[in-house]
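1. here is a sequence with its predicted model. Questions after.
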Amino acid sequence: MQFIFNKMEKYKKKVIGLLIFKVIGTLTDLAIPYLTAYMIDQLIPTSSKDDITKIILLGILMLLVVLFGWFFNMKANRMAEYVAAYTVRDIRYELFSKIETLSAKQVDELTQTSLISRMTTDTYNIYSAVGSIQRLGVRAPILFIGGIVVSFFLDWVLALIMVAMIPFIMYFSLRTSKMGRPLYTDIQVKVDKLIRTLRENITGARVVKALSMVEHENYKFDLNNKEVVESELKATKSMSKIRPLVDVIMNLGLVVVLIIGAYRVFNSQTKVGEILAFVTYFTIILNATMSLTRVFIQMSKATASSLRIIEVLDFKTDMKNGNMEVFEVNETPHIEFSHVYFSYNQKGDHLEDINFKLYKGQTLGILGATGSGKTTIINLIMRFYDPYQGEIKMFGKNLKDLDLSALRKSIGLVLQTDLILSDTIYENIQFSRKDILPEDIELAKTIAQANFIDEMPEKNYEKMTQRGTNISGGQKQRLLIARAVAGKPKLLILDDASSALDYQTDMNMRLSLKEHLSETTKIIVAQRISSIKEADLILVIEDGKIIASGTHETLEQTSEQYQNIIKHQLGGELNESTNH
């Protein structure tokens, strides 16, 4: 909880203010039973004209006290909500900022689903706890202590009976808090798994249906769902064992108080109004104790959630940032891989002894089957990951020495699965890069062969749905290519970015790239040879190794693997692209 209290420190003035308001409002609540007892015992029995006037005046006073208490409690609750909302806003922002600095390896380790759960469910648990602590955590102790003090003034004998019950209730309340923490942590872990399954099925809904895997995925989701239910039931059962015991103690105490109270009234040792007030205070005290129990449960959830958030915040970024800018150096390779080895899980190499040089303005084609390591090379160039052996250089400088922001700003990237914003086409291409002008966007559309945009009703301001579901696959790819080239990058990477384009459009785009971005170095990852046959260097990748390299003409003569790929290309694709 110290983590949460440290975050609340920023709103100390608000917290102090709400404490003052809450104390005043709670004290007014304590006054009502005492005033009621005074009216019943002192004013009503005499029934004189003066006492009737006093009863009316006392009734007005009690009404004013109630309104006074309502006002201060309302103000305190609003301030509590403000502090809770803004404290969690700060935690959420800090967590998001930290996630942004994590390397791809660290995100893989934590998992995307778990990070989403921590950002949503865990921060909500903290929000609920901060609100409860400020409202019930302040109000309940005042009612508890104040109720006991006033009860002793009313009848010390009955007060002693009541106080004797409290240690048992407090013991079970604290036990509830201690038991709850690991149980609620386990629930969050199970919820992470459930969200992961849900996310996979939503994003991959078409694939699941196409492969007739709906029943299997339903079964998988049902298992995860049952695990969550079982964990929740386990927590509920553990918590529910305590509540009935507390209720028994409360009711037993109330019965004893009423029996002894009746006996004392019968013997004129106390008055009816005092007994009525005492029972009210007894109920207030016990309810305050139960409120504290609820606060302890909320704190258990919040503690478990805060530990999960702290786990992320304590991650030391393993991707060290350099401080050098990206400077072009003549006669020096734009990109150079030297004996590069890489593994995602340290259990086997996903890239092995990768070597190549690519000079400014040249085009590199990377060819290989799915899972061969093509995208992994791109991940290393972007510094999403670092190799465990070997060196990657840009213009003679090790990538690790370059400023990450400067490195990535110099690169235009289109991934196999890329992001389309739920925004206008203009915003999707500009992508919050204020240095990109309208003329840059028009040129980008031309290069990407994205003429379909001008045929839309709103043209550049046509609204895209989430993930671009209102345009075709080929249109998505052209929109993403337009985004990548709009910033006039020094290095353009197209990772299977034209797979949904027909051969003619693909060829026109490559010609346009050559015409308008002749100084830009290009890396094209593809599975069809027509997309890369004009590249200055082609790498054929298999199982993380370069099994052949050279120009199209060289590989056509010297590489058996390349020749086999040509033979397996469908319908004269190569000849078609050559004729054009």
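-> Sure, I can see it. Numbering: from 1, shown residues only.
2. every contact and neighbour count from this point should use C-alpha atoms.
-> Will do.
3. does E352 count as helix, strand or coil?
-> strand (DSSP: H, G, I helix; E, B strand; the rest coil).
4. before we move on, what about G137?
-> helix.
5. leaving out the residues flanking it, which one is nearest to M62?
-> I32 (6.6 Å; CA to CA, 6 or more residues apart in numbering).
6. where does A526 fall, phi/psi-wise?
-> phi -150, psi 170 (degrees, to the nearest 10).
7. which residues does it bridge with?
-> Residues in a beta bridge with A526, per DSSP bridges, are L367.
8. distance of it from L407?
-> To L407, A526 is 24 Å away according to CA to CA, to the nearest Å.
9. what of M62?
-> Distance, M62 to L407, using CA to CA: 71 Å.
10. do the same with L437
-> 22 Å.
11. which of the two has more residues huddled nearby?
-> A count of neighbours by other CA atoms under 10 Å puts L407 above the other of L437 and L407, at 21 against 12.
12. who's in contact with K193?
-> 113-114, 224 (CA atoms under 8 Å, 6 or more residues apart in numbering).
13. what's the answer for D543, then?
-> 350-351, 371-373.
14. change it to 7 Å
-> 372-373 (CA atoms under 7 Å, 6 or more residues apart in numbering).
15. what do you get for F168?
-> Taking CA under 7 Å, 6+ apart as the definition, F168 has no contacts.
16. please, which helix or strand holds it?
-> In this assignment (DSSP states H and E), F168 forms part of helix 156-203.
17. end-to-end on stretch 377-388?
-> Taking CA to CA, stretch 377-388 runs 13 Å from one end to the other.
18. my error: substitute stretch 430-442 in the last question.
-> End-to-end span of stretch 430-442 (CA to CA): 11 Å.
19. do the same with stretch 395-402
-> Its first and final residues considered, stretch 395-402 spans 11 Å by CA to CA.
20. heads up, I number from 15, so please use that
-> OK, 15 is where the count begins now, so the last one is stretch 409-416.
21. who's in contact with that stretch?
-> Here stretch 409-416 makes contact (CA under 7 Å, 6+ apart) with 335-340, 342-343, 346-349, 405-407.
22. buried residues of it, list them for me.
-> 409-411, 413-416 (16 or more other CA atoms under 10 Å).
23. please apply the same query to stretch 334-346.
-> Buried residues in stretch 334-346, counting neighbours by 16+ other CA under 10 Å, are found at 336, 338, 340, 346.
24. closest one to K315 out of those, please.
-> Closest approach between these and K315, by CA to CA: G336, at 39.8 Å.
25. would M333 count as being in a helix?
-> No - using three-state DSSP, the secondary structure at M333 is coil, not a helix.
26. name the nearest residue to it, ignoring sequence neighbours.
-> Using CA to CA, 6+ apart and skipping the chain neighbours, the partner closest in space to M333 is S117 (5.9 Å).
27. burial measure for that neighbour, as a count.
-> 19.
28. measure it to D332 for me?
-> Distance of S117 to D332, given as CA to CA: 7 Å.
29. check D367 too.
-> Computed with CA to CA, the distance linking D367 and D332 is 23 Å.
30. one more: V79?
-> Separation of V79 from D332 (CA to CA): 60 Å.
31. neighbour-wise, which of those two wins?
-> Counted by other CA under 10 Å, V79 and D332 do not tie: V79 has more neighbours, with 18 against 14.
32. what's the domain layout of this protein?
-> Listed domain ranges for the chain are 16-327, 333-424+504-594, 431-502 (source: automatic domain parsing).
33. pLDDT weak spots in the stretch 465-594 of the chain?
-> For the stretch 465-594 of the chain, the stretches with pLDDT under 70 are 584-594.
34. which of the residues in stretch 77-92 are buried?
-> In stretch 77-92, counting by 16+ other CA under 10 Å, buried: 79-80, 82-91.
35. Y25: which of the residues you listed is nearest?
-> Closest approach between the buried residues of stretch 77-92 and Y25, by CA to CA: A90, at 13.8 Å.
36. let me know the helix or strand that that closest one is in.
-> Using DSSP H and E, A90 falls in helix 63-115.
37. for the record, mean pLDDT for that helix?
-> For helix 63-115, mean pLDDT is 87.
38. what distance separates that helix from the centre of its chain?
-> Remark: helix 63-115 is offset 30 Å from the chain centroid, using CA atoms, centre = their mean, to the nearest Å.
39. what's the first helix or strand after that helix?
-> The helix or strand immediately downstream of helix 63-115 is helix 118-124, counting by DSSP H and E.
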